[in-house]
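Undergrad: Show me how the following folds:
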Amino acid sequence: MLDELKSKARRDEKLRAELLETRKNAQPLSAFCRKCRELGYEIYDMDLITAGEEFYATMRRSTNGGGENSPMLEGEDDFYELFFAGLE
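TA: I've put the predicted structure just below:
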């Protein structure tokens, strides 16, 4: 859903501006998720947070047996930040 939304926002400057504006909110993640739902994407705060954490945990388990010697994967667990990095 985030990839589809990002693709739309890259083509639509108004949508892009609206999504970027959510980052100025006192609770930017909640504002972003509200905007997503307004646009028809059922994205909720905890779903977005846990999706990133689950993805990161899977990545950790898949490298070197997932033990303490697994490399740190910077930024790989934050889909919210990755979304905006690709939009800006």
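
Undergrad: which ones are touching Asp12?
TA: The contact partners of Asp12, by C-beta atoms under 8 Å, 6 or more residues apart in numbering, come to none. (Each C-beta comes from the backbone N, C-alpha and C, glycine too.)

Undergrad: Angles on the backbone of it, please.
TA: According to degrees, to the nearest 10, the main-chain angles of Asp12 amount to phi -120, psi 100.

Undergrad: From Thr50, how far off is it?
TA: Distance of Asp12 to Thr50, computed by C-beta to C-beta, to the nearest Å: 29 Å.

Undergrad: Please apply the same query to Gly86.
TA: The spacing between Gly86 and Thr50, counted by C-beta to C-beta, is 21 Å.

Undergrad: For Phe84, which non-adjacent residue is closest in space?
TA: Leaving out its chain neighbours, the residue that sits closest to Phe84 by C-beta to C-beta, 6 or more residues apart in numbering is Arg23, at 6.9 Å.

Undergrad: who's in contact with the one you found?
TA: Each residue near Arg23 by C-beta under 8 Å, 6+ apart is listed here: 31-32, 84.

Undergrad: Can you tell me which of these end up in helices?
TA: Under the assignment DSSP state H, those contribute 31-32, 84 to helices.
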